[in-house]
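K.L.:
Give me coordinates for this.
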Amino acid sequence: MSSLKIFDIAGSGMNAQSLRLNLVASNISNANSVSSSIEDTYKSRQPVFAAELKNIMDKDAAASPVKVLGVVESQLAPVMEYAPGHPMADEQGYIYKPNVNTVEEMANMMSASRSYQNNVEVLNTAKQMMIQTLRMGQ
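P.N.:
Prediction:
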């Protein structure tokens, strides 16, 4: 494996975790939004990642970058709350809240943040090793 490939792998991991953090922020910021219909209610979003295996027969196939396949919306139903006096209530007196679980989102945020930090540490360690290798030739 090329020693420079580690930067690509760690960088792709950082990009993936950055997307994950942005989605967590979006989910948490919309957790308390209210809607008057099921269709207009915010839905929790989650990223979908995959390891990018370019060539399965390659020797370094185990070390592959992370690819973002997309973002999926939760299929869970929104929370219906009976609030006939609310200005956003529908004809039956219900308001609809997103299906965002803030505790789960906080756990996702901590996990994504730590994964991002780990990738930064990998980059720093690889950089230091390369610097030390170059100094050996002096």
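K.L.:
how far away is residue 20 from residue 110?
P.N.:
Noted for residue 20: a distance of 11 Å to residue 110, by Cβ to Cβ, to the nearest Å. C-betas here are computed from N, CA, C, even on glycine.
K.L.:
higher neighbour count, the two?
P.N.:
Between residue 20 and residue 110, residue 20 has the larger neighbour count (other Cβ atoms under 10 Å), namely 22 against 11.
K.L.:
name the element the more buried one belongs to?
P.N.:
helix 5-29 (DSSP states H and E).
K.L.:
Could you list every helix and strand that that helix packs against?
P.N.:
Where contact means 3 or more Cβ pairs under 8 Å, 6 or more residues apart in numbering; DSSP states H and E, helix 5-29 is packed against strand 45-51, strand 66-73, helix 102-136.
K.L.:
I'd like to know which of the ones you listed is closest to residue 84.
P.N.:
helix 102-136 (26.0 Å; Cβ to Cβ).
K.L.:
and the angle for the closest one with strand 66-73?
P.N.:
Using axes from the mean of the first three to the mean of the last three Cα atoms, to 10 degrees, the inter-axis angle of helix 102-136 relative to strand 66-73 is 170 degrees.
K.L.:
Going by neighbour count, which residues of helix 102-136 are buried?
P.N.:
105, 108-109, 112, 115-116, 119, 122-123, 126 (16 or more other Cβ atoms under 10 Å).
K.L.:
returning to what we had before: of the helices and strands packed on helix 5-29, which is nearest residue 28?
P.N.:
helix 102-136 (5.1 Å).
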